[in-house]
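1. Build me a structure from this.
(chains A, B, C, D, E, F, G and H)
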Number of protein chains: 8
Amino acid sequence: MTSVQQDRSGAPRVDDLGWARLDLERAARTGDPEVVYGQGKTPSQVVATLRRLHQHHPERQVLATRVDDAGREAVRTCLPGAVVDDQARTVVLGPLPPATGRVLVLAAGTADGPVAAEAATTVAVHGAEVERIDDVGVAGLHRLLAVAHRLEDADCLIVVAGMEGALPSVVGGLTGTPLVAVPTSTGYGVAEGGVTALHAMLSSCAPGVVVVNVDNGYGAGVHAARVARAAARARQPV
Amino acid sequence: MTSVQQDRSGAPRVDDLGWARLDLERAARTGDPEVVYGQGKTPSQVVATLRRLHQHHPERQVLATRVDDAGREAVRTCLPGAVVDDQARTVVLGPLPPATGRVLVLAAGTADGPVAAEAATTVAVHGAEVERIDDVGVAGLHRLLAVAHRLEDADCLIVVAGMEGALPSVVGGLTGTPLVAVPTSTGYGVAEGGVTALHAMLSSCAPGVVVVNVDNGYGAGVHAARVARAAARARQPV
Amino acid sequence: MTSVQQDRSGAPRVDDLGWARLDLERAARTGDPEVVYGQGKTPSQVVATLRRLHQHHPERQVLATRVDDAGREAVRTCLPGAVVDDQARTVVLGPLPPATGRVLVLAAGTADGPVAAEAATTVAVHGAEVERIDDVGVAGLHRLLAVAHRLEDADCLIVVAGMEGALPSVVGGLTGTPLVAVPTSTGYGVAEGGVTALHAMLSSCAPGVVVVNVDNGYGAGVHAARVARAAARARQPV
Amino acid sequence: MTSVQQDRSGAPRVDDLGWARLDLERAARTGDPEVVYGQGKTPSQVVATLRRLHQHHPERQVLATRVDDAGREAVRTCLPGAVVDDQARTVVLGPLPPATGRVLVLAAGTADGPVAAEAATTVAVHGAEVERIDDVGVAGLHRLLAVAHRLEDADCLIVVAGMEGALPSVVGGLTGTPLVAVPTSTGYGVAEGGVTALHAMLSSCAPGVVVVNVDNGYGAGVHAARVARAAARARQPV
Amino acid sequence: MTSVQQDRSGAPRVDDLGWARLDLERAARTGDPEVVYGQGKTPSQVVATLRRLHQHHPERQVLATRVDDAGREAVRTCLPGAVVDDQARTVVLGPLPPATGRVLVLAAGTADGPVAAEAATTVAVHGAEVERIDDVGVAGLHRLLAVAHRLEDADCLIVVAGMEGALPSVVGGLTGTPLVAVPTSTGYGVAEGGVTALHAMLSSCAPGVVVVNVDNGYGAGVHAARVARAAARARQPV
Amino acid sequence: MTSVQQDRSGAPRVDDLGWARLDLERAARTGDPEVVYGQGKTPSQVVATLRRLHQHHPERQVLATRVDDAGREAVRTCLPGAVVDDQARTVVLGPLPPATGRVLVLAAGTADGPVAAEAATTVAVHGAEVERIDDVGVAGLHRLLAVAHRLEDADCLIVVAGMEGALPSVVGGLTGTPLVAVPTSTGYGVAEGGVTALHAMLSSCAPGVVVVNVDNGYGAGVHAARVARAAARARQPV
Amino acid sequence: MTSVQQDRSGAPRVDDLGWARLDLERAARTGDPEVVYGQGKTPSQVVATLRRLHQHHPERQVLATRVDDAGREAVRTCLPGAVVDDQARTVVLGPLPPATGRVLVLAAGTADGPVAAEAATTVAVHGAEVERIDDVGVAGLHRLLAVAHRLEDADCLIVVAGMEGALPSVVGGLTGTPLVAVPTSTGYGVAEGGVTALHAMLSSCAPGVVVVNVDNGYGAGVHAARVARAAARARQPV
Amino acid sequence: MTSVQQDRSGAPRVDDLGWARLDLERAARTGDPEVVYGQGKTPSQVVATLRRLHQHHPERQVLATRVDDAGREAVRTCLPGAVVDDQARTVVLGPLPPATGRVLVLAAGTADGPVAAEAATTVAVHGAEVERIDDVGVAGLHRLLAVAHRLEDADCLIVVAGMEGALPSVVGGLTGTPLVAVPTSTGYGVAEGGVTALHAMLSSCAPGVVVVNVDNGYGAGVHAARVARAAARARQPV
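-> Okay, the predicted model is just below:
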């Protein structure tokens, strides 16, 4: 059996670690930082990937998501400069970029906290300011109404909810700010896995609600940061 | 082939129409009126069944649900005393029972109207007073908040919604009145068929929300009328 | 990244524990006690939440549901006054409220016992009297028929069943008492997860059967207690 | 493109009609009569197939199932000796075989009638005596209990039900007679298509319930007739 | 909270163990032995239930199915007279009944062995003779054809297969012997859980194939034994 | 039965047409125009609703989506000033708003045209400039690569695809422009209904892809126009 | 709204019909002929597309699949030289290519004929010789065994089956010839739509079975023709 | 209970290990080597089966797939001559066959590596040359385009991808080489289990894409090797 590596002539510069070939010019191509998808990687792979990406681009942040307990422990030991968030299961290495634009992350319940945290960290790493408001689920509407006036201050909203996933519909009816909904895998029975929340959000009667996969705080963060960065340039002095 | 009819010795009194054996003592057993499930019945079967039940019990109402266009047309021709509701697709024959207790039916959107109408008619036939408030979907929350003070006046709530099915969660957070949620088959894509609304309502974060099958306004109406009748006896002068 | 807490001006009184903001006026708003959803909470979070809610309202009960083994062990150690039910996986703290109205909980098989127990405890905490009859599954019909005369004594029925979920249909044909069906996640193969029982109950040919999510004894208990309390007030001398 | 017909050397005797190659020795192989599956066949194909099978074996019955309106009309015109059943959508041609053994077909509701009729006709064609008892759904249990003593008289039971499909569980708890359950596609919402009834029957808590596909009265009839024929030989004088 | 036990006046004789009320007259009612469903029971519950049933009816067998490793270990220790089958995960206590009628159990692959074993044990306990033929999957057709002549010797066939579940269709085309198909949860990807095999068997193009739930060797065994016992009595001299 | 209309004291100004209560201040609240959801409305209802909304706000556009053939015919007859798009099934009434920001709509195949057209019309009505590029499906990659340089010119992308829904992943890897993916209900077999495309897009390996419901060109258009308008203000001279 | 067509500089030669841009160099790129996917196209679009493709490449065949009744009627009228197959719903225009390699198409039942015909036509148009053997379903195994010796003569097999989809497993066990399985949408109940046959084929216990979408005779034909052409070149004298 | 082994008169030569009967003439029948499906086998069973097959046919390779950690450890200890691949979870024993024809295995991401490795090993064992190109997912299209010229060099392609499964569509549009797509179970939420990738690949807009079950690298390898072997004979000197 012959094992042949990819012919890379003409391709963008990459760095081959054996188990992964790092794309070192993503920021140039899309304006986004490098990101390590931690799921399925060993602790040493997470550490090595983060270290290598940081060496290539010490001037900007590198993000790792879905890093499990062992991986975060290894990062704490080997990369003392890294910022590890146990709730979000994220690791960040390198200097925080300047924040352009504002993203507001709302979460329905305490169980939605980890996904909201992943979203918030992703937003910050992708160069936008982020604020979080937790525990504003629709079953206690007064909590949401008390902060309704703040929805207009943001350039993009991320709304995180599990179970029946109703929060994005209510928020989407209160404001015209761009809104990304994130279903979470909380709940049990027919809610299990978050698919009910996902399908409910996709069926929202509020106009303009866009949705990402279950528990995908990262994806919502990338989109929201891009929207906020673009919108914020409008408010800056020229 | 031998065709043998059921031995009815000892069984309650029934009336055999050939295509159906009518249960004439249901009211005595459960306190509810006779009901004809119109789906799959020919117009003449609907008419004959209603007529026969009315003959047996002229003193109380008989209800037919899910009666299609041809069936309602036949009823209008053959049973001039019947009350036909084209939105609810129901037919009612006989005198309205006295109303005991109050049920409030809320519907999220205009597309939910037929199911709300079936629920409301069922409540009235089953002996409770009924009020309807339409078009209070969560994407325009001010419409719901404007009527929030009325939720406490009812003995039972029926909340009808399609698409993402969020309305019962919001209403259920505003009041402790018993609440039955009815998903409807409005919407398209992943909402299609009402299963998303159904599963969302079953996953509601509001406590005590109970649910019926998609488009089952009848079932919600039966339960709500029973609850309201029992509760209302408490308020009557003894 | 800026982390901003919810602006609470004008909102009901809450108590912020860091990981949760407690809603201390729910009883005033809905007539129901405070409830802690134990799933996903650490033992110390369960203990702290129960303790704080009890401090705020020592005069009434606080309920915690879905408390896992470690959580119940912690409660036994730290809150010696609490009543811990290992079958129901519930914890109750504070004085039992006076019982108003009667709820009867029927369960089809021994595997449905934990859900029936959660329902029964919830009913009691929410202020209604509760009785349980176990092991009356439809495959041994004589067991159910032997207790059929008791169905009318209750103000509301909770019927718990897994596998094919047939019991609510049979009970619903015997009585006009309001009936909440609870599917359980017993069974295997196509019954797995309880979705078949859930969908069967929603498709019941008995009129007026309302349903809650799989294994949601709590939700059924809240609804049944509300119904029973209201009905019982009707019977009291004015 | 070359079109080549199957090489039949060594294969059983067949008769090639162009659109179908008839298996003329099935009865010898399995003891069952020839059957035409009418779905998807044109009226003239149904007529021609029945006629040809009847010519080959005038001494025994031929059965066609799922024959649509046009097909049955064509049969009435072209094959005046045929017995056409509009409810069962079946056609039978040739002399009725002697009946050996007894099959009892129970149906829950009137909407289940067509499937019960297909099952009953299939049983008769396959050589067993058949009786039908309709409208014994579990929501009116007294109707079933009134005929319970007859369950033991049969060599095999066919139990037909739609919606929640509870009837086989109740019947299966009353008797040890072999029982085949047939789910039907009645109902709406989450019952739609009969899959809920099917999965409920497969999850039955009654021991020994075996199941066929949705609306497959034919399959149940074949199995039941085989069981009854074998069992009945025991009672015949030797 | 009041806990009330079931009123048993008029009901069959039962024995209450606290966690289960044993039905001691099932054999009289249905001709089948007592069976303990081991899933979800603790080892001591399994032992106690078997012992009690055996005490009541020492003259006939008691069967326990789905007994896990710990349960079987406990039975070996506490009930030395019991026959424990580790492949079938069954326990049998008491004298083997005389065998009446013959059941043949065919299994497609080695992974289907445990389900075939459960079926075979169930047949024997329910009073029929049983034979097994393993490893006759359709991908090596010569293995099945070599034993085809034996299919006619049985009074009932049980055909066990996972993955695509094709074996019952092939066997059902070779013989008219009554056939019960059992899907198993072998396979992966879209076969996972056995639902594909189950649905394939229900859609079989062979007439008269009846099916039980995934991995339900017990249910197939009960039905097959009943069929075989009845057929065998027909062959006995009168 | 008492029918009570919603108490509107304190609520925003509405206009009650009998079958719908029009929300006349949505533009003030969210910056978006009024929109009529045509599905399920009669032709006369569509005409009347458009006319009334146009009378209230003659200075801005009103959009109707999912208007069926009869509805569009009625609009052509009764509202000669309306712009009717048969591919998009949309109707627009009133003056086009000034365009702020640019949205690019890419569609994979000709069958995706109607959804792309609905999205494009929605974008224009919501105040952004829109361009369409059709027939750039991934199976002919050269067609997409030929226009890749244009992806950066847009403020937001809408990518429409059915079948396997791969186009958003490929486009999302080529650019950092915000991207909304729209699955369409093209295809057959396991693609049917568009759910496969929807789930594929939600599972995209390209970062930041957000998704709307199947065939929901309208929802994608609302979100994209909001994003583009905000971004465009950033480029304007202050 | 600006509508902009795709910039085609540098892209392969295309021909823009307004509703579709024809890829005229597909044969050069992949060796396959042009194909028109007829579903969703109007009769005049089908005719125009076929005519244009034929004009560009009169020396080779053009294929249209899934052409409905009206489309085929229009082709018969407007393109008298076209070969129209009503069973396969295909249209072929232009001279048949020389056949290289042999494909054998086996179909389980008569209802699978249309899909087998589409596959066979596709094979021929893609340059391989094709033979068909129909009605060799597994429930009458002797029919398949009678032709088993012919399986080795082919370079690639296409095996078409609906319902339980068992035929590919049986054929795949008899031969090592490359085999493509095609599930069809025949059957009802849990077989409906062909998904059960599809999943069964994907779960086949026979090694090396590859599968296409439900009813996708075209896709199977393309793959099989490619395989057969390559294999046949190997047998030709060099 | 009588346990009877299969009558093997007339059947091919087999070797009975007790837990499996080895088919020793598969290579003669299909041209493929013997393969051990390791899933569900104990380590000693894996070792014994490999050893026995190797003894029977020392001149050719034996392959074991899906061998878990303990099984591979046992093989390393007991069969020092075996080649164990921890990524592919395969074991190979015996001399490598001569390679005929070339298969190219492309994988979208690093998480798809194990399935690609299983496919590659299977190809080699089945007698074709194999090359691998990893990490060419569609979100970084330049990586795929850089190797596009190599697609034509292969006789068959295996394309492995998880998540949205888009890679086969893109590759299938670039070349006419026969292509087998393999979905993998990578991803989360609605991608979980690989079913979304599977259904997306089956719905591919690229013609001629054939698919195997989730994670079934083995099945793809068998088919691809057969195709490549047949095609390659054309290029060999005669």
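
2. Going by C-alpha atoms from here, please, whenever you check contacts or count neighbours.
-> Will do.

3. quick one: the closest residue to A:G162 other than its chain neighbours from A:N216, how far?
-> Distances taken as C-alpha to C-alpha, 6 or more residues apart in numbering or on different chains put A:T184 closest to A:G162, at 4.4 Å, once the chain neighbours are dropped. Distance, A:T184 to A:N216, by C-alpha to C-alpha, to the nearest Å: 8 Å.

4. So for those two, which sits in the more crowded spot?
-> Between A:T184 and A:N216, counted using other C-alpha atoms under 10 Å in any protein chain shown, A:T184 has the larger neighbour count: 32 against 24.

5. what's the pLDDT at that one?
-> If you check A:T184, the pLDDT there is 97.

6. wait, doesn't it sit right on A:A166?
-> No: look at A:T184 against A:A166 with C-alpha atoms under 8 Å: they stay out of range, at 11.8 Å.

7. Now do the shared contacts for these two.
-> A:A197 (C-alpha atoms under 8 Å, 6 or more residues apart in numbering or on different chains).

8. Which secondary structure state does A:T196 sit in?
-> The three-state label given to A:T196 by DSSP: H, G, I helix; E, B strand; the rest coil is helix.

9. residues touching it, list them.
-> A:163-165, A:190, B:196, B:199-200.

10. Quick one, which of these has the minimum pLDDT?
-> A:V190 (92).

11. For the closest residue to that one other than its chain neighbours, pull up the helix or strand it's in.
-> Excluding the flanking residues, the one nearest A:V190 by C-alpha to C-alpha, 6+ apart is B:H199, at 5.8 Å. Assessed by DSSP states H and E, B:H199 sits inside helix B:195-202.

12. report the angle between the axes of that helix and helix A:195-202?
-> Orientation of helix B:195-202 against helix A:195-202 (axes from the mean of the first three to the mean of the last three C-alpha atoms, to 10 degrees) gives an angle of 120 degrees.

13. State the distance from A:V125 to A:G31.
-> 12 Å.

14. Is the biggest helix by length in chain A in proximity to chain F?
-> Longest helix in chain A, counting residues (DSSP state H): helix A:217-232. Yes: using C-alpha under 8 Å from any C-alpha of the partner chain, helix A:217-232 reaches chain F at A:218-223, A:226-227, A:230-232.

15. Which element, helix or strand, includes A:V103?
-> Using DSSP H and E, A:V103 sits within strand A:102-107.

16. Just the residues contacting that strand, thanks.
-> A:113, A:116, A:119-120, A:123, A:128-137, A:151, A:153-161, A:224-225, A:228-229, A:232.

17. Filter these down to the ones in helices?
-> Among these, the residues falling in helices (DSSP H) are A:113, A:116, A:119-120, A:123, A:224-225, A:228-229, A:232.

18. Can you tell me which of these has the most neighbours?
-> A:A224 (35 neighbours).

19. Need the pLDDT of that residue.
-> Per-residue confidence (pLDDT) for A:A224: 98.

20. Next up, the contacts around it.
-> A:103, A:123, A:156-158, A:180.

21. just the residues of chain A that are near chain B, which are they?
-> So far as C-alpha under 8 Å from any C-alpha goes, chain A lies against chain B at A:138-141, A:163-166, A:169-174, A:187-191, A:196-197, A:199-206.

22. Which of the contacts of A:T196 sits closest to C:V47?
-> Nearest to C:V47 among the contacts of A:T196: A:M163, at 24.3 Å, using C-alpha to C-alpha.

23. wait, that closest one sits on B:A200?
-> Yes: contact criterion C-alpha under 8 Å: A:M163 and B:A200 qualify, at 7.0 Å.

24. what sits in contact with each of these two?
-> By the contact definition C-alpha under 8 Å, 6+ apart, A:M163 and B:A200 are jointly contacted by A:191, A:196-197.

25. quick one: A:Y218 and A:H126 touch, right?
-> No: between A:Y218 and A:H126 there is no contact under C-alpha under 8 Å: 10.3 Å.

26. how does chain A divide into domains?
-> Per automatic domain parsing, the domain ranges recorded for chain A read A:14-93, A:102-232.

27. In terms of mean pLDDT, which of those domains ranks lowest?
-> Lowest mean pLDDT of these: domain A:14-93, a mean of 87.

28. Distance-wise, check A:P207 relative to F:V130.
-> 19 Å.

29. A:G162 now?
-> 35 Å.

30. which of those two has more neighbours?
-> Taking neighbours as other C-alpha under 10 Å, A:G162 and F:V130 compare with A:G162 leading, 33 against 29.

31. ok, and the closest non-adjacent residue to A:G193?
-> A:G193's closest residue in space is A:S185 (C-alpha to C-alpha, 6+ apart), at 4.6 Å.

32. contacting residues around that neighbour?
-> Contacts of A:S185 were listed using C-alpha under 8 Å, 6+ apart, and they are A:162-163, A:191-195, A:214-215.

33. Chain C: which of those residues is nearest?
-> A:A191 (8.6 Å; C-alpha to the nearest C-alpha).

34. pretty sure that closest one is in contact with A:A197, am I right?
-> Yes: with contact defined as C-alpha under 8 Å, A:A191 reaches A:A197; the gap is 7.0 Å.

35. Find residues that contact each of the two.
-> The contact sets of A:A191 and A:A197 overlap at A:163-164, B:200 (C-alpha under 8 Å, 6+ apart).

36. hmm, back to that, so what's the backbone phi/psi at the residue nearest to A:G193?
-> phi -90, psi 30 (degrees, to the nearest 10).

37. Can you tell me the closest non-neighbouring residue to A:V35?
-> The spatial neighbour of A:V35 that comes closest, neighbours along the chain excluded (C-alpha to C-alpha, 6+ apart), is A:L63 at 4.8 Å.

38. Can you give me the neighbour number for the one you found?
-> 24.
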